[in-house]
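Colleague: Return a 3D structure for these sequence lines:
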Amino acid sequence: MVNLLTRRNHFEFRDAGLLERAIRRVRYRDCYQRNALVPALDANQLRMLDSLRRDGTLVLSGYLDDATLRTLQDETQRSLEALEFETPCLAQSRLDPVRHHDLLENYLYGSPEQFLARGAAFERHEVSSLEQAVQDFEPSTLTIYPLARSRAFRDVLLDPYLLAIICHYLGLVPKLLEAYVRRNFPSRHWTMNHFWHRDLNDRHQLLKMFVFLSDTTVENGPHEFVRGSHADYSALNGQRY
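Modeller: Okay, here's the model as predicted:
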């Protein structure tokens, strides 16, 4: 396990000590207690686990069947058209190179409320349609949260077959902290999800699952991961970005 210490804009990585590991087991005691219920892995799952441990990433080509993929795509589009995306939302059309210089220099890392306070976001009452929102505000990303209302998304993200692998990788029964869909659009600026970076959502254990609902190519911005960077912190010279 690796802990992360923050020193201004610099990050120092070190192994977790005995006290920190003990505190973690108390804090997440239910996750460790339920780990005894995790089923043994089959040969294919063991191969997948080895890849995850070695590379820090695992690609599941063809994981979604065509019918499931179409369902996820259709539900996502309906949610976007129903304006169920998160607001306040960053508006590229409202970014001023001078007034928002500090935000741009910090990779636009901030909360929707912070962007709104700086006049760089739009709110729900300003939106009349999906097309109008995209045209007028030029969002780099629209975010929806489908888990509570979508059986299809729950079945994919909480697949017991994959959860078993995750349990063995983390050494505990994981907690799902967040699940969302991002509809990305062309961006004129380096934003926090369009730049080389290290995820810091949790100080102790972290695993993310990406499900692509459209084909990704070099031209439209594929997800890229540096193999082995989960254990080699020199990849970004100790920086988050």
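
Colleague: Centre-most residue in the chain?
Modeller: With distances taken as C-alpha atoms, centre = their mean, the residue of the chain nearest its centroid is residue 208 (6.1 Å).

Colleague: any idea how far that one lies from residue 228?
Modeller: The gap separating residue 208 from residue 228 is 16 Å, by C-beta to C-beta, to the nearest Å. The C-beta positions use only the backbone N, C-alpha and C, and glycine is treated the same way.

Colleague: picking up where we left off before, I figured the residue nearest to the centre of the chain hits residue 199, correct?
Modeller: Yes: judged on C-beta atoms under 8 Å, residue 208 makes contact with residue 199 at a distance of 6.6 Å.

Colleague: now the chain, which segments are flagged as low pLDDT?
Modeller: Low-confidence segments of the chain, defined by pLDDT under 70, span residues 1-16, 194, 201-204, 238.

Colleague: Show me where it has its helices.
Modeller: In the chain, the helices defined using DSSP state H lie at 18-27, 29-33, 43-55, 66-81, 101-105, 112-117, 130-137, 151-157, 160-170.

Colleague: so how far is the fifth one from its chain's centroid?
Modeller: Going by C-alpha atoms, centre = their mean, to the nearest Å, the spacing between the C-alpha centre of helix 101-105 and its chain's C-alpha centre is 23 Å.

Colleague: pretty sure residue 196 is touching residue 241, no?
Modeller: Yes: shown here, residue 196 and residue 241 form a contact pair, counting by C-beta under 8 Å, at 6.8 Å.

Colleague: okay, the helices of the chain in TSV with distance to residue 180 next?
Modeller: Formatted as TSV, the helices of the chain follow (distance: least, C-beta to C-beta, whole Å):
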stretch	distance to residue 180
helix 18-27	25
helix 29-33	22
helix 43-55	22
helix 66-81	11
helix 101-105	22
helix 112-117	13
helix 130-137	17
helix 151-157	10
helix 160-170	18
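
Colleague: which of the residues in stretch 63-81 are buried?
Modeller: Counting neighbours by 16 or more other C-beta atoms under 10 Å, one finds that the buried residues in stretch 63-81 are 69, 71, 72, 75, 76, 79, 80.

Colleague: which residue of the chain sits farthest from its center?
Modeller: Here the chain has its C-alpha centre computed as a mean, and the residue farthest from that point, by C-alpha atoms, centre = their mean, is residue 98 with 29.9 Å.

Colleague: State the distance from that residue to residue 104.
Modeller: Residue 98 sits at a distance of 10 Å from residue 104 (criterion: C-beta to C-beta).

Colleague: Residue 191: which of the helices of the chain is closest?
Modeller: Shortest distance between residue 191 and the helices of the chain, using C-beta to C-beta, is found for helix 101-105: 9.4 Å.
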